[in-house]
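In: Provide a 3D model corresponding to the input given below.
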Amino acid sequence: MMPLPLSMKLLMLFVSMLGMQGSGHSCELQPGGTNVARNGEAIQSSDYVYKPMGYANQSIDGNREGNYHQGSCTHTKKEKDPWWMLDLKNSYSIGPIVIVNRQDCCSERLNGAEVRVGNSPNNDNPVCGTVTSADSIITFCCNGMLGRYVSVVIPGASEILTLCEVEVYEEIAKLERHVCW
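Out: Residues are numbered from 1 along each chain as shown. Coordinates of the predicted model:
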């Protein structure tokens, strides 16, 4: 095998370093990261109100309590395609979205729910991820999806949608390696 000329080696080195210079996506919550959901406004397809609980904004109050009866979770009526939507008031590059599921009962209700991010206020934005487990805390990596609206929709089913907290973090680009020439 013939050795590569120095100019070709330098070109290959330069191209590989360019790839390392780009910003990488991270799904880890960054120290000091801001939960931009706290400044937004949430609505949902219906309100099942039991002792002044269940309203959409209760899922962005900063309280990760998973017991519905403690007053910090949302709750729709049982309906086809229930949804919850957050207006962030500005468009962001979205990184991690953390959902705290109901933990006192019924956590399986969230299975199949789609988390959507985009600029349409009609819940028809691209899907960032789908809930596939009844875990108490579920994190989605949206990898810089741009959007003003974040929604959680259970498509194609007659179901109740309950969310105990939704945290939305802006994507923080990290420089993986600096190259000096």
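In: can you pull the contacts of residue 81?
Out: Residues in contact with residue 81 (C-beta atoms under 8 Å, 6 or more residues apart in numbering) are 45, 153-157. From N, CA and C alone the C-beta is placed, and that goes for glycine too.
In: and if we set it to 7 Å?
Out: 153-156 (C-beta atoms under 7 Å, 6 or more residues apart in numbering).
In: now do residue 79
Out: Counting by C-beta under 7 Å, 6+ apart, residue 79 makes contact with 45-46, 158.
In: before we move on, what about residue 73?
Out: 58-59, 102, 162-164.
In: hang on, the earlier thing: just the ones of the contacts of residue 79 in strands?
Out: The strands, defined by DSSP state E, take in residue 158 from the contacts of residue 79.
In: of the contacts of residue 79, which is the most crowded?
Out: Counting neighbours by other C-beta atoms under 10 Å, residue 45 comes out on top of the contacts of residue 79 with 18 neighbours.
In: spatially central residue for the protein, please.
Out: In the chain, the residue lying closest to the centroid (C-alpha atoms, centre = their mean) is residue 97, at 2.6 Å.
In: okay, that residue: pLDDT?
Out: Predicted confidence (pLDDT) for residue 97: 98.
In: got any ranges where this structure has weak pLDDT?
Out: Applying pLDDT under 70 to the chain picks out residues 1-26, 173-181.
In: before we move on, the earlier item: which one of the contacts of residue 79 is nearest residue 169?
Out: Nearest to residue 169 among the contacts of residue 79: residue 45, at 25.0 Å, using C-beta to C-beta.
In: wait, doesn't the closest one sit right on residue 85?
Out: No. Applying C-beta atoms under 7 Å as the test, residue 45 and residue 85 come out as separate, 8.7 Å apart.
In: can you map out the strands along the protein?
Out: So, for the chain - with DSSP E - the strands run 23-24, 41-44, 79-80, 83-100, 114-118, 127-130, 137-153, 158-159, 165-170, 174-175.
In: reformat those strands as JSON lines; add distance to residue 53.
Out: Listed next are the strands of the chain as JSON lines, based on distance: least, C-beta to C-beta, whole Å:
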{"stretch": "strand 23-24", "distance to residue 53": "40"}
{"stretch": "strand 41-44", "distance to residue 53": "13"}
{"stretch": "strand 79-80", "distance to residue 53": "18"}
{"stretch": "strand 83-100", "distance to residue 53": "15"}
{"stretch": "strand 114-118", "distance to residue 53": "23"}
{"stretch": "strand 127-130", "distance to residue 53": "27"}
{"stretch": "strand 137-153", "distance to residue 53": "18"}
{"stretch": "strand 158-159", "distance to residue 53": "19"}
{"stretch": "strand 165-170", "distance to residue 53": "14"}
{"stretch": "strand 174-175", "distance to residue 53": "39"}
